[in-house]
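Trainee: structure here, sequence nowhere to be found:
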């Protein structure tokens with residue numbers, strides 16, 4: 001779809017020696033100019049899919065140093081986010097926050113509720129650093145979209161991003177929960193086109209962010225969703241470029 005600059009708001013750096021080359025090559029082939037990058041490989045996918053059902057969690061640290069190194073070697077094409085582990089002291093993130101541009105919290109991986117003091121401490125650091133907070137919600141008390149809304153109400157000066165179009169691929173309920181809370185954006189990877197259209201209509205184009213979840217999802221698949229929606233050039237420019245740069249406090 002591109003025809004204009006695209007910033008993918010959610011990709012992961014795979015734990016492999018050639019991960020950076022493959023990521024940048026994939027971006028080139030899909031016409032993606034920049035991307036927000038978080039650490040990948042924190043949990044085995046079979047284990048992740050199992051624990052989403054069983055309620056288990058891991059306490060594994062993400063390889064944030066590799067993300068930072070990749071971003072530094074990318075000629076400013078990659079924007080590094082810190083993938084926090086709430087099982088660790090928040091001082092770990094605080095000591096490095098100035099080198100990153102945002103924070104990710106994932107109850108899906110680490111199993112810590114968003115209203116847990118360990119997550120609250122991390123959000124406080126993000127607020128002081130001026131970082132947006134990307135959250136992967138799951139269908140579990142304290143970890144769902146309603147919990148994210150409560151978190152956003154508690155930290156009104158912090159901007160949050162609901163990842164993967166909510167929970168599942170048809171989460172219109174999440175969009176309705178977000179409507180009145182303008183400090184929460186929605187990133188679109190994984191959701192059906194009907195969900196993306198609803199987000200654009202109910203939240204407004206200024207609160208929707210294009211994302212792919214590369215390498216788990218090929219960016220061309222996510223781009224195809226927007227091609228099918230036949231957006232105006234102005235709307236696509238907001239979703240694909242301007243909203244992300246505004247959120248990251250960078251020039252578009």
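Mentor: Here it is on my side, so go on. Every value quoted in this text rests on a predicted model; they were computed, and no experiment measured them.

Trainee: packing partners of the helix or strand bottoming out on mean pLDDT in the chain?
Mentor: The helix or strand of the chain with the poorest confidence is helix 45-54; it has a mean of 94 (mean pLDDT, DSSP states H and E). Here helix 45-54 touches helix 107-110, going by 3 or more CB pairs under 8 Å, 6 or more residues apart in numbering; DSSP states H and E. (C-beta placed from N, C-alpha, C; glycine too.)

Trainee: name the residues of the helix it packs on that are buried.
Mentor: If you call a residue buried by 16 or more other CB atoms under 10 Å, then helix 107-110 has these buried ones: 107, 108, 109, 110.

Trainee: which elements pack onto that helix?
Mentor: Judged by 3+ CB pairs under 8 Å, 6+ apart, the packing partners of helix 107-110 are helix 45-54.

Trainee: residues contacting the helix it packs on, please?
Mentor: With contacts defined as CB atoms under 8 Å, 6 or more residues apart in numbering, helix 45-54 is touched by 43, 56, 57, 58, 108, 109, 111, 138, 216.

Trainee: torsion angles phi and psi at residue 25?
Mentor: Per-residue torsions, residue 25: phi -60, psi -40 (degrees, to the nearest 10).

Trainee: I'd like to know how far it sits from residue 4.
Mentor: 21 Å (CB to CB, to the nearest Å).

Trainee: now the buried members of the contacts of helix 45-54.
Mentor: Buried by 16+ other CB under 10 Å: 43, 57, 58, 108, 109, 111, 138, out of the contacts of helix 45-54.

Trainee: looking at those, which is nearest residue 166?
Mentor: Using CB to CB, residue 138 is the member of the buried ones among the contacts of helix 45-54 that lies nearest residue 166, at 10.3 Å.

Trainee: what's the pLDDT at that closest one?
Mentor: On pLDDT, residue 138 comes in at 96.

Trainee: which ones are touching it?
Mentor: Contacts for residue 138 (CB under 8 Å, 6+ apart) come out as 52, 107, 108, 144, 167.

Trainee: look up how far residue 248 lies from it.
Mentor: Distance, residue 138 to residue 248, using CB to CB: 26 Å.

Trainee: just residue 233 next, same as before
Mentor: Residue 233 sits at a distance of 22 Å from residue 248 (criterion: CB to CB).

Trainee: looking at the two, which one has more neighbours?
Mentor: Set side by side, residue 233 and residue 248 show more neighbours around residue 248, with 21 against 9, by other CB atoms under 10 Å.

Trainee: tell me the phi and psi of residue 24?
Mentor: Main-chain dihedrals, residue 24, degrees, to the nearest 10: phi -60, psi -40.
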